[in-house]
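Undergrad: sequence? don't have it. structure:
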C-alpha cells in the first residue's frame, strides 16, 4: 500500500464488462486512492463468492500511478491490470478494449481514438460507432527459443511469441487435445518463460481462419485472450509462410475463441490491429466489510 492508498471504508463502486466473454471487474479509482492487494483482487474475481472475472481493470489516471507517470503525457488513463489471482500483468488485449469502453461509458472520452497506458506501453484504441473496438496492439517479438507442450501424453512444439506478455502457440488437430486447461499444461524447457506463460492451442478452420483455446497464467482457461489471438495470428502466418514485412501487404486472420470472434491484421511495418466487441453489462457497489474480511 502506498502512503496515499487506503483500504475501502465505504461502498466500493465497480462495473462488470466483457470482450468476447473474457470478463473483468472494473474498479474506477482515478486518483489511485484504493488499495487493491492480491487477496482483495482474488476475492472480487471469485466466481462463487465474489463478483467474478478473468481479471480486474483498475482505472487510474496515469499521473497518479507510479507505474505509469512516465506515460502521462501520452495517455491520461492507465489500465492497472490484475489477473484473477491478484498478480500483476503487463497487458490484456480484451481488457484494453473493455477499459476503453468503460472510459466512453463514464464520459471520460468520446467515440474515436483513445490512448490507454499499460505496463506493455501505450495502446491506441478506436471506438467505432457500430460498437466494435479496434486496438493497435503494437508489434510481436518472436524469440527463437520455443518450448514443447505436453497434455495427456501428447506433445507439440510451441512457437514463442511476445505481445508485451509471453505466449506459447501450439498447433493441434483437435482443440479437445488441449485437455481441461484448468491447470497450466507442462512445458519444457521451463527456463524459456521464467515468469510463466499464456499457452494457446490452435486448430485450422479454413483459409486464414483458425480457432483457439487458451490457458492464461493466473486465470486458468478463459473464454478469450486478445494478446493470445494476436500471437496466434502471427504464429499461424509464419507457419503458412506469410510475413507482411517481406510481402509488403497486410495479412488478416479470423480467430475464433470460445466467447466469439476476433479479427487480427498484421501490417508490413509489424503493427498489429485487433478488432472485436466490448460490452459493459452491470455496475454497483461492494460492501467494504465483506471486501476486507478475513478469507
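TA: Thanks, I have the structure now. Note that the structure is a prediction, hence the values are computed from the model and not measured. Numbering: from 1, shown residues only.
Undergrad: from here on, contacts and neighbour counts on C-alpha atoms
TA: Will do.
Undergrad: let me see the contact set for residue 120.
TA: Residues in contact with residue 120 (Cα atoms under 8 Å, 6 or more residues apart in numbering) are 90, 91, 164, 165.
Undergrad: filter the residues you listed down to the ones in helices?
TA: The helices, defined by DSSP state H, take in nothing from the contacts of residue 120.
Undergrad: which of the residues you listed lies closest to residue 247?
TA: Comparing these against residue 247 with Cα to Cα places residue 164 closest, at 24.7 Å.
Undergrad: from residue 126, how far out is the closest one?
TA: Here residue 164 is placed at a distance of 20 Å from residue 126 (Cα to Cα, to the nearest Å).
Undergrad: ranking helices and strands of the chain by mean pLDDT, which lands last?
TA: helix 288-292 (a mean of 85; mean pLDDT, DSSP states H and E).
Undergrad: in that helix, which residues are buried?
TA: residue 291 (16 or more other Cα atoms under 10 Å).
Undergrad: which strands or helices does it pack on?
TA: Helices and strands touching helix 288-292, by 3 or more Cα pairs under 8 Å, 6 or more residues apart in numbering; DSSP states H and E, are helix 38-45.
Undergrad: in its sheet, which strands sit next to the helix or strand immediately after the helix it packs on in the chain, and in what direction?
TA: Using DSSP states H and E, the helix or strand that follows helix 38-45 towards the C-terminus is strand 55-61. Next to strand 55-61 in the sheet, as set by DSSP bridges, lie strand 22-28 (parallel), strand 77-83 (antiparallel).
Undergrad: ok, residue 204 - contacts?
TA: The contact partners of residue 204, taken as Cα under 8 Å, 6+ apart, are 173, 210, 211.
Undergrad: quick check: it is in a strand.
TA: Yes: assessed by DSSP: H, G, I helix; E, B strand; the rest coil, residue 204 belongs to a strand.
Undergrad: can you give me the buried ones in the helix or strand harbouring residue 18?
TA: Assigned by DSSP H and E, residue 18 belongs to strand 12-19. For strand 12-19, a neighbour-count test (16+ other Cα under 10 Å) marks 12, 14, 15, 16, 17, 18, 19 as buried.
Undergrad: thought the second one was touching residue 284?
TA: Yes: with the criterion set as Cα atoms under 8 Å, residue 14 and residue 284 qualify as a contacting pair; they are 5.6 Å apart.
Undergrad: center of this protein - which residue?
TA: In the chain, the centroid-proximal residue (Cα atoms, centre = their mean) is residue 92; its distance is 2.0 Å.
Undergrad: wait, that one sits on residue 229?
TA: No: the pair residue 92 / residue 229 is not scored as a contact, 10.9 Å apart, by Cα under 8 Å.
Undergrad: show me the residues around residue 116 that make contact.
TA: Counting by Cα under 8 Å, 6+ apart, residue 116 touches 75, 76, 77, 78, 79, 96, 100, 122, 123, 124, 125.
Undergrad: retrieve the pLDDT associated with residue 172.
TA: As predicted, residue 172 sits at a pLDDT of 98.
Undergrad: and it, how many residues sit next to it?
TA: 19 (other Cα atoms under 10 Å).
Undergrad: could you report the separation of it from residue 23?
TA: Residue 172 is 26 Å from residue 23, by Cα to Cα.
Undergrad: likewise residue 179?
TA: 22 Å.
Undergrad: of those two, who's got more company?
TA: Just comparing residue 179 and residue 23: by other Cα under 10 Å the higher neighbour count belongs to residue 23, 28 against 12.
Undergrad: thinking again about what came up before, so which of the contacts of residue 120 wins on neighbours?
TA: Neighbour max across these (other Cα under 10 Å) = residue 91, 24 neighbours.
Undergrad: buried ones in the helix or strand containing residue 156, by neighbour count?
TA: Assessed by DSSP H and E, residue 156 sits inside strand 154-162. The neighbour-count check on strand 154-162 (16+ other Cα under 10 Å) flags 156, 157, 158, 159, 160, 161, 162 as buried.
Undergrad: quick check: mean pLDDT of that strand?
TA: Averaged across strand 154-162, the pLDDT comes to 98.
Undergrad: which neighbouring elements make contact with that strand?
TA: strand 147-151, strand 166-171, helix 226-239.
Undergrad: do that again at 10 Å, thanks
TA: strand 147-151, strand 166-171, strand 187-188, strand 198-206, helix 226-239 (3 or more Cα pairs under 10 Å, 6 or more residues apart in numbering; DSSP states H and E).
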